[in-house]
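S.K.: Here is my input, please return the structure:
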Amino acid sequence: MRIAVLGGGNGSFAAAGDFALAGHDTRLWRRDQAAVEEHKATGSAILVKDFSGQRVAKLSLVTNDIAEAVRDAELILCPAPAHAQPDIANALAPHLKDGQVVFLPPGTFGSLLFAKAAHDAGNRAKVAFAETGTLPWLTRKHGPFEAAITVRAKRLPTGVFPLTLKDHALSVIGQAFPNVIEDCGDALSGALMNAGPIIHPPLITMNAGPLEHFDKWDIHKEGTQPAIRRVTTALDNERIAVREAFGYGAPHFPLADHYAKEGDEWMYGRGSHDRLTDSGDWREKIVLTQHRYMLEDVRTGLSFLISAGEIAGVPTPLARAFLSIGGAVVGEDFMVTGRTLKGMGLGQYDKPGLQALLRDGFR
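M.R.: Next up, the predicted model:
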């Protein structure tokens, strides 16, 4: 299958490396022309490191021309942070063709953002947009062209926009992620599976002191203590209540399953939290005003959750509290600078209207 991967971060390199190793015709697009030229000069390859050792993945193309990257691609994967999505969506919009599938892992309702960008650009191609609840890899770059993968996802609940194209989208995505993709309905259902806005806001705000004191600190090890876990579960219950108010049924993939020793496996499977902390790759310097846990998961993710809760009639007091704390740390009103349905140009929809849009797409 021909796959285009958009972005130059941890997830994009893990994706491009894994897809190329699986035999897919894999193209990598990133905006940084100097980085593209350097990558091409070294052979357009990615060194993938995991539990089985090291392997060299040769890419078909590395480019900063997005039209070239996505031409004839069956799957377009964009694991870029949510705050990078608007620019990428606008760049991609004119180039989408019938039958293509755009997959955002995770999305924060970015599937609607990408679809709306294409619609607003006058592109009426029959394209499916999908998103899931987490990045399919626990991964960090160990060098400019090296991806270290600690864990690969075992279960990826995935929603599709418009819902009428779901079967096609899941079939295409399933070729890239065999036996991993799980149907969770429409794109809003997929967006409300996003784990980042649940796990990271409590970890970075309730551990703000040590994060600013130590040069490097692992919030997933020293920072994941029982009190914080209880708060995380309460915040997750708000997410699940919003899902239920929209009529989405179980499984809701509660974050508590990520840490559990028995019961339902979470997205990364059993024991993934221990493998994450044992790797040492998440012992890092987190600058609270700049890190994606703040800008993506607090500002973007929680503002979206609150906005969805408002339409569903579900209170989200913990989400609002963490959004307010994060905004105070950064010096912004995150409800204004974040991602709300109104801010996405979807504020005119009530609950039935939004559900009709999710089913049928833009008219």
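S.K.: What pLDDT does the model give the residue sitting nearest the centre point of the chain?
M.R.: The central residue of the chain, meaning the one whose C-alpha is nearest the mean C-alpha position (CA atoms, centre = their mean), is residue 106 at 1.9 Å. If you check residue 106, the pLDDT there is 95.
S.K.: what sits against it?
M.R.: Contacts for residue 106 (CB atoms under 8 Å, 6 or more residues apart in numbering) come out as 131-135, 193-196. For glycine as for every other residue, the C-beta is placed from the backbone atoms N, C-alpha and C.
S.K.: Please apply the same query to residue 134.
M.R.: Residues 105-106, 153, 156, 193-196, 267-268 are the ones in contact with residue 134 under the rule CB under 8 Å, 6+ apart.
S.K.: Which members of those occur in strands, if any?
M.R.: The members of these that map onto strands under DSSP state E are residue 156.
S.K.: from the contacts of residue 134, which ones fall inside helices?
M.R.: Counted as lying in helices by DSSP state H, out of the contacts of residue 134, are residue 196.
S.K.: packing partners for the lowest-mean-pLDDT helix or strand in the chain?
M.R.: Between all helices and strands in the chain, the lowest mean by mean pLDDT, DSSP states H and E belongs to helix 272-279, at a mean of 88. With contacts defined as 3 or more CB pairs under 8 Å, 6 or more residues apart in numbering; DSSP states H and E, helix 272-279 has these neighbours: strand 137-143, strand 146-152, helix 256-259.
S.K.: Make JSON lines out of these and add mean neighbour count, distance to residue 17 and mean pLDDT.
M.R.: Supplementary listing: these in JSON lines, determined by neighbours: other CB atoms under 10 Å; distance: least, CB to CB, whole Å; pLDDT from 0 to 100:
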{"stretch": "strand 137-143", "mean neighbour count": "20", "distance to residue 17": "9", "mean pLDDT": "94"}
{"stretch": "strand 146-152", "mean neighbour count": "20", "distance to residue 17": "5", "mean pLDDT": "96"}
{"stretch": "helix 256-259", "mean neighbour count": "17", "distance to residue 17": "24", "mean pLDDT": "92"}
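S.K.: now these as TSV including distance to residue 121?
M.R.: Formatted as TSV, the helices and strands packed on helix 272-279 follow (distance: least, CB to CB, whole Å):
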stretch	distance to residue 121
strand 137-143	31
strand 146-152	32
helix 256-259	38
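S.K.: who touches the least confident helix or strand of the chain?
M.R.: Around helix 272-279, the neighbours that count as contacts under CB under 8 Å, 6+ apart are 138, 148, 150-151, 218, 220-221, 224, 258-259, 266, 282.
S.K.: next one: stretch 255-266
M.R.: Residues external to stretch 255-266 that are found in contact with it (CB under 8 Å, 6+ apart): 154-155, 195, 198-199, 224, 229, 232-233, 236, 251, 253, 267-268, 270, 272-273.
S.K.: The least confident helix or strand of the chain to strand 137-143, inter-axis angle?
M.R.: On the basis of axes from the mean of the first three to the mean of the last three CA atoms, to 10 degrees, helix 272-279 is oriented at 10 degrees to strand 137-143.
S.K.: So which bits of helix 272-279 are buried?
M.R.: 272-273, 276-277, 279 (16 or more other CB atoms under 10 Å).
S.K.: Compute the inter-axis angle for that helix and strand 146-152.
M.R.: 150 degrees.
S.K.: Check the offset of the top helix by length along the chain from the chain's centre.
M.R.: Among the elements of type helix in the chain, defined by DSSP H, the one spanning the most residues is helix 226-245. Using CA atoms, centre = their mean, to the nearest Å, the distance from the centre of helix 226-245 to the centre of the chain it belongs to is 19 Å.
S.K.: Point out the other helices and strands that that helix packs with.
M.R.: In this structure, helix 226-245 makes packing contacts with helix 196-206, helix 256-259, helix 303-312, helix 317-330, judged by 3+ CB pairs under 8 Å, 6+ apart.
S.K.: send the alpha carbons of that helix over as PDB?
M.R.: What follows is helix 226-245, C-alpha atoms only, in PDB (Å, rounded to 0.1, in the frame of the first residue of the first chain):
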ATOM      1  CA  PRO A 226      -2.200   7.200  44.100                       C
ATOM      2  CA  ALA A 227      -3.600  10.700  44.800                       C
ATOM      3  CA  ILE A 228      -2.900  11.800  41.200                       C
ATOM      4  CA  ARG A 229      -4.300   8.500  39.800                       C
ATOM      5  CA  ARG A 230      -7.600   9.100  41.700                       C
ATOM      6  CA  VAL A 231      -7.900  12.500  40.200                       C
ATOM      7  CA  THR A 232      -7.100  11.100  36.700                       C
ATOM      8  CA  THR A 233      -9.900   8.600  37.200                       C
ATOM      9  CA  ALA A 234     -12.300  11.300  38.200                       C
ATOM     10  CA  LEU A 235     -11.400  13.400  35.100                       C
ATOM     11  CA  ASP A 236     -11.800  10.300  32.900                       C
ATOM     12  CA  ASN A 237     -15.300   9.800  34.300                       C
ATOM     13  CA  GLU A 238     -16.200  13.200  32.900                       C
ATOM     14  CA  ARG A 239     -15.000  12.100  29.500                       C
ATOM     15  CA  ILE A 240     -17.000   8.800  29.700                       C
ATOM     16  CA  ALA A 241     -20.100  10.800  30.800                       C
ATOM     17  CA  VAL A 242     -19.800  13.000  27.700                       C
ATOM     18  CA  ARG A 243     -19.500   9.900  25.500                       C
ATOM     19  CA  GLU A 244     -22.600   8.300  27.100                       C
ATOM     20  CA  ALA A 245     -24.600  11.500  26.700                       C
END
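S.K.: That concludes my questions; thank you for your assistance.
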